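Visitor: 3D, please:
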Amino acid sequence: MKIETERLHALLRAAARHARKHLWAALAVLSGALVACAAAAVIAPLALAGGVRVQQAAALFRDDLTTYRAAPEDLRASPLVCVAAAGYEDRNLFDRPRWVPPLSPSGLARAVARNLRGIPEGGSTIPQQIAKLYLRGAQRGTVGDKIREALFATWLVRQAPPMELAGLYLNLGAGASVGGDRRPADGLDRLSLALFGLPLRRLSREDQLVLAGAPRGVRWLQAHPAISANRMAAARAWLVKRGDWDPGVRSYLDDGIDPSSAFRFVEGWTERVASGVLPSADLDLVAAIDRFRDGLGTALETEFPGTAVRAAFAAVGTDGAVLARSGAESALMPVNYGSIAKLEALDLAVESFGPQPVRDLILAPGGCVRWIWATKEQRRSHPSSYCPSDVLPATHPMSFDEAVAKSVNSLTARHAVLLPVLLSRRRPEVFRDLASTVPEEERRSLDSPADRALASGLLAQLGETLAPDDVPQDLSYSAAGVALFRYLKERRELAGLPAERLPDDPTSLLGNSSRATSEQIAAYLHRKLFLKDGSCTLTDTGALLALRRKEGTLRWLAQKWPKLVFAGKTGSSPHDDSAVAAVAVCLDQRPVVLVGALRPLEGTLPLGLRGSVVLRGLDSYLKALVRLDRRPTSALWPAWVEEEIAAKQAALLVDSPRVEGALATKGKP
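Guide: Numbering: from 1, shown residues only. Model (predicted):
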């Protein structure tokens, strides 16, 4: 047994000596093979990748590259979009030597670390992602697939310069994100139309920055808004560092982006429009936007020379669908919606009392009563009333709809503060809902002898005598004003108009302090001005404004289009930092709201530049639609207006013989 054990040990020692003798040779052979593979990967990566699928992918790439190079430069890509894409995906793209395999160990490590933290991110370079598009698309890859893609990417970078690779990558990714056919030359342009309503060549630098990140997927932007906004900010900082973005030129991105709303605009045009599945008729609505800019620009040059503004335009259909937009600013640039907010108080009155009683309720001119823009000091010095010196007073009695249509601030506010009193007498159930927005304890704190006296005075204006001590607590002026403000604020928000910046103060009950984007304003007005039946029929509120279109803030446009029935509103910021105008018309038997807005690049707008100036741009837009055989048609009246019109026409027919007889005998002895 001992002898056998010794023999076994001897054999093992001999085997170990033999292995040590030939180990270096084995390692040398292995190293040689690895060096040969690496050399082959560098010298002939496509041959090493091998396989029919790889050869087919290479042939397809050559065809796509030929198509890309044949397309007009301003259609296939733009330098800023390509460089911005590198800022998002592969910052060494333009600096990496072409003979070096386009791999990023640091990017891969960073991606692994972020994925472990729950942040979705890939570690592939742009050439690797192009290789993936050609070799396996959206299929899940194996280790062998990853190696094959790395070899294919190494071959790719020798076939085209980085700018062309980035452009081709963006076009292919954009085409895939909108669900259309392969688009190696115009996918980016189609996605530009989908997101912004503008061709690629017309995009602002901010739009191009967003577009560069969009091929990752439109739905991805929506699903990860905070990450997308952070990536956008990081890419812009990188562009500034490279010298591709001038930080000295003012950008709306300088104000920061709210991640919760930053990428809502991609919900506008559908992917079907971008992919060309739908008819291209609505592209006319986009083409006419140039005329909006021209008309607005001419008005500014003529009336306010030297004024530099940022302008936005949108055509919005049912349910807020964006039919055309001037760029991302129409969905991202907030403007003060000013006088447009007054519409909510009118809408509440019409909903509560009906359109005819609202028209019949005529109030005489009177002083302002603790209303918008009055500071605390001003309210202390004028406990019962305060009117700013720059507010146009009412020179004659008028109804609520006339005050809103004309934007006579003093009477609009005065009519609004009368709403709680009117509701308490005519619609007590609505008043109870309104009053419930103020808790009882808060109501007691708002009550005071001065407030009861003000409420008593409001009742007296309506012909009711009530001593101040007998005024109910919920009808006391401040308590009722706060309740009305909150009620109107909630109604606006339910209708899609943001009101989060409004102070909880009855002096701002009309909502002049808050902001919204052009598209939010248009969607809100669409809900207020059109019936929700898909037709072009105006609501009662819309009809009241349409009846006043020739005398209200839209009168300039009504003079240009006297036969066109439309409703709408203009608005200007009380601080003169924005102006907006919107009209509701009928296009192709569809209810559509056209909205235009502007803000100054710096400072405030010049005195006199109000929402009515924006109507010049809307007028040019409507004229462009006529030239494109897309003539806007009149909105339809609700039944009660049709009845009034029919009654007036019948009266004219009855009186016409008498008029003709008088004319026939005129001048005879």
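Visitor: average pLDDT for stretch 324-334?
Guide: In this model, stretch 324-334 has a mean pLDDT of 80.
Visitor: again with stretch 515-529
Guide: Average pLDDT, stretch 515-529: 92.
Visitor: And that stretch, how far out from the chain middle?
Guide: Computed by CA atoms, centre = their mean, to the nearest Å, the chain-centroid distance of stretch 515-529 equals 10 Å.
Visitor: And stretch 152-171, by the same measure?
Guide: 33 Å.
Visitor: is it fair to say Val580 lies in a helix?
Guide: No. Counting by DSSP: H, G, I helix; E, B strand; the rest coil, one finds Val580 to be strand, located in no helix.
Visitor: In terms of helices and strands, where is the nearest residue to it once chain neighbours are set aside?
Guide: Leaving out its chain neighbours, the residue that sits closest to Val580 by CB to CB, 6 or more residues apart in numbering is Ala597, at 4.2 Å. Bear in mind the C-beta positions are built from the backbone N, C-alpha and C, glycine included. Assessed by DSSP states H and E, Ala597 sits inside strand 590-600.
Visitor: Looking at that strand now, give me its mean pLDDT.
Guide: 93.
Visitor: quick thing: my sequence starts at 57, can you match it?
Guide: Yep, numbering from 57; the last one is strand 646-656 now.
Visitor: what about the residue nearest to Val636, how many neighbours?
Guide: 33 (other CB atoms under 10 Å).
Visitor: still on that earlier bit, what's the following helix or strand after the strand holding Ala653?
Guide: helix 667-683.
Visitor: now for that next one, which elements pack on it?
Guide: Under the contact definition 3 or more CB pairs under 8 Å, 6 or more residues apart in numbering; DSSP states H and E, helix 667-683 sits against helix 339-343, helix 345-359, strand 365-372, helix 611-616, strand 623-628, strand 635-643, strand 646-656.
Visitor: how about 6 Å then?
Guide: Helix 667-683 sits against helix 345-359, helix 611-616, strand 623-628, strand 635-643, strand 646-656, with contacts defined as 3 or more CB pairs under 6 Å, 6 or more residues apart in numbering; DSSP states H and E.
Visitor: what's the neighbour count on the nearest residue to Tyr677 once chain neighbours are set aside?
Guide: Computed as CB to CB, 6+ apart, the closest residue to Tyr677 that is not its neighbour in sequence is Phe348, at 4.2 Å. Other residues lying near Phe348 total 26 when counted by other CB under 10 Å.
Visitor: Check Arg583 too.
Guide: 19.
Visitor: hang on, isn't it packed against Arg548?
Guide: No. Using CB atoms under 6 Å, Arg583 is not in contact with Arg548, being 10.5 Å away.
Visitor: next one: phi and psi at Leu610?
Guide: Dihedral angles of Leu610 (phi, psi; degrees, to the nearest 10) stand at phi -90, psi 10.
Visitor: ok, it - contacts?
Guide: By CB atoms under 6 Å, 6 or more residues apart in numbering, the residues touching Leu610 are Gly624.
Visitor: Go again with 8 Å.
Guide: Leu610 is in contact with Ala461, Phe622, Gly624, Lys625, Thr626, Ala637, Val639, Leu671, counting by CB atoms under 8 Å, 6 or more residues apart in numbering.
Visitor: Among those, which one has the most neighbours?
Guide: Val639 (32 neighbours).
Visitor: Quick check: beta-bridge partners of that residue?
Guide: Gly624, Leu650 (DSSP bridges).
Visitor: In this structure it contacts Val648, no?
Guide: No. The criterion here is CB atoms under 8 Å, and Val639 misses it with Val648 at 9.3 Å.
Visitor: Grab the nearest non-local neighbour of Ala509.
Guide: Nearest to Ala509 is Pro524, by CB to CB, 6+ apart, at 4.6 Å.
Visitor: what residues are up against the one you found?
Guide: So Pro524 contacts Pro505, Arg508, Ala509, Ala511, Ser512 (CB under 8 Å, 6+ apart).
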